[in-house]
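A.B. asks: the sequence isn't on hand, but the structure is:
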Ligand SMILES: [Zn+2]
Ligand SMILES: [Zn+2]
């Protein structure tokens, strides 16, 4: 089969490799689409310790069930599916609670296991048993279905925030993930939904998608600038969807009484300590949450949202490249262009 093989930093080659076969408990999927994630870009540019070359990455996977290994009862061959990324060990306390994304021995498809930038991929037995092969409606476009994985991660983060109609919401970052958060908050009836970014170009997408009000932050005093744009009212729900520590501080300052904040994006590991005015949290009953990847129920919720059309899915997919042209897909995401960049592996 054809696959995009990661050989090291900035070295991905489309090659012929052995087509995977389903062993006991395993499923082989014919990949239709695999979207490019911000973390794929990170692996491409910086490498990552759980991606050992030669490797096939890609974890935002849509495909057809192609082969069922011994002992696997379904979904039947030919079923259109998405494949969930996290693979829990099955033994640790998190796995016993079905919190596979928080498994103490966490592994992931497209990182530790071969992923979706290929014509076929094998889903390991552990992932099959866990329920990672999730059927989707036959008539759902594969491009739209490629949004389900990143959307599921956003839904995991927002589960803690419990956004309500009429909540004032603020998202930092107009990248693909920030725009998805804004789309969900808009769909849930938050008003206003404001999206702050330093890039005027990226903020154009906020308008194109109709997912909120863009705020172009240009000054040093970001908090004052956002408050000005927001009529001097703070926010009930704040999401940081950019890897900048200063933004986490802004989020805390812009949180009103009973606000819920998601530190959705991680920040550079060499400088993660942030001084916090804990009295601000205490007296105002403010909550701060983390989020990492997603769990199976978030995939199911994301599937429902995409199927219902809660988000303008077709507008989110701005670029589709053939597997042969994966280098262009990486160049596009590295240049910060587009929203979701999808690789067509058919
Ligand atoms: Zn992703
Ligand atoms: Zn585990």
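C.D. replies: Arrived safely, thanks for sending. Bear in mind the structure is a predicted one, so any value in this text is a computation, not a measurement. Numbering: from 1, shown residues only. Ligands and ions are numbered 1, 2, ... in the order given.

A.B. asks: report the contact partners of the residue of the stretch 201-346 of the chain found nearest ligand 2.
C.D. replies: The minimum distance from the stretch 201-346 of the chain to ligand 2, using C-beta to the ion, falls at residue 295 (12.3 Å). Backbone N, C-alpha and C define where each C-beta goes, glycine included. Contacts here follow C-beta atoms under 8 Å, 6 or more residues apart in numbering; on that basis residue 295 touches 86, 98, 99, 100, 101, 156.

A.B. asks: with residue 128 instead?
C.D. replies: Residues near residue 128 by C-beta under 8 Å, 6+ apart: 25, 26, 27, 69, 72.

A.B. asks: any idea how far ligand 2 is from the third one?
C.D. replies: Using C-beta to the ion, to the nearest Å, we find residue 27 at a distance of 20 Å from ligand 2.

A.B. asks: ok, stretch 179-199 near ligand 1 or not?
C.D. replies: No. Against ligand 1, stretch 179-199 shows no contacts by C-beta under 5 Å from the ion, the least distance being 10.6 Å.

A.B. asks: pLDDT of that stretch, averaged?
C.D. replies: For stretch 179-199, mean pLDDT is 98.

A.B. asks: that older thread, now neighbour count too, for the contacts of residue 128, in a markdown table please.
C.D. replies: What follows is the contacts of residue 128, written out as a markdown table (neighbours: other C-beta atoms under 10 Å):
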| residue | neighbour count |
| --- | --- |
| 25 | 17 |
| 26 | 21 |
| 27 | 27 |
| 69 | 17 |
| 72 | 19 |
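
A.B. asks: from those, which two are the most distant?
C.D. replies: The largest separation in those, counting by C-beta to C-beta, is between 25 and 27 at 8.5 Å.

A.B. asks: can you list residues touching both of these two?
C.D. replies: 69, 72, 128.

A.B. asks: and the helices in the stretch 201-346 of the chain?
C.D. replies: All helices of the stretch 201-346 of the chain, identified by DSSP state H, counting those that start in this stretch, fall at 222-229, 245-253, 278-284, 296-308, 313-316, 326-334.

A.B. asks: now those in TSV, with mean neighbour count?
C.D. replies: Listed next are the helices of the stretch 201-346 of the chain as TSV, based on neighbours: other C-beta under 10 Å:
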stretch	mean neighbour count
helix 222-229	16
helix 245-253	19
helix 278-284	11
helix 296-308	19
helix 313-316	19
helix 326-334	19
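
A.B. asks: of the ones you listed, which approaches residue 17 most closely?
C.D. replies: Closest to residue 17 of the helices of the stretch 201-346 of the chain is helix 326-334 (C-beta to C-beta; 14.1 Å).

A.B. asks: ok so, going back, roughly how far does the residue of the stretch 201-346 of the chain closest to ligand 2 sit from residue 139?
C.D. replies: 26 Å (C-beta to C-beta, to the nearest Å).

A.B. asks: next one: residue 335
C.D. replies: The gap separating residue 335 from residue 139 is 34 Å, by C-beta to C-beta.

A.B. asks: show the average pLDDT along stretch 158-167.
C.D. replies: 98.

A.B. asks: what are the contacting residues of it?
C.D. replies: For stretch 158-167, the external contacting residues (C-beta under 8 Å, 6+ apart) are 169, 181, 184-185, 188-191, 236-237, 239, 260-262, 287, 289, 291, 298.

A.B. asks: tell me the strands beside the helix or strand harbouring residue 62, with direction?
C.D. replies: For residue 62, the host element (DSSP states H and E) is strand 60-68. Here strand 60-68 is paired, per DSSP bridges, with strand 27-36 (antiparallel), strand 80-83 (antiparallel).

A.B. asks: winner for burial among the ones you listed?
C.D. replies: strand 27-36 (a mean of 26; mean count of other C-beta atoms under 10 Å).

A.B. asks: so after it, what's the next helix or strand?
C.D. replies: As assigned by DSSP H and E, the chain's next helix or strand after strand 27-36 is helix 38-46.

A.B. asks: for that following helix, name the packing helices and strands.
C.D. replies: Helices and strands touching helix 38-46, by 3 or more C-beta pairs under 8 Å, 6 or more residues apart in numbering; DSSP states H and E, are helix 326-334.

A.B. asks: can you list the helices of the stretch 201-346 of the chain in CSV and add mean pLDDT and distance to residue 112?
C.D. replies: Formatted as CSV, those follow (pLDDT from 0 to 100; distance: least, C-beta to C-beta, whole Å):
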stretch, mean pLDDT, distance to residue 112
helix 222-229, 97, 38
helix 245-253, 97, 28
helix 278-284, 97, 36
helix 296-308, 97, 18
helix 313-316, 94, 28
helix 326-334, 96, 20
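
A.B. asks: turn the ones you listed into a markdown table, including distance to residue 59.
C.D. replies: Below are those laid out as a markdown table (distance: least, C-beta to C-beta, whole Å):
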| stretch | distance to residue 59 |
| --- | --- |
| helix 222-229 | 32 |
| helix 245-253 | 25 |
| helix 278-284 | 34 |
| helix 296-308 | 12 |
| helix 313-316 | 17 |
| helix 326-334 | 14 |
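
A.B. asks: quick one, which of those helices is nearest to residue 270?
C.D. replies: So among the helices of the stretch 201-346 of the chain, helix 245-253 is nearest, using C-beta to C-beta, at 10.8 Å.

A.B. asks: other SSEs contacting that closest one?
C.D. replies: The helices and strands touching helix 245-253, judged by 3+ C-beta pairs under 8 Å, 6+ apart, are strand 169-172, helix 222-229, strand 235-240, strand 255-263, helix 278-284.
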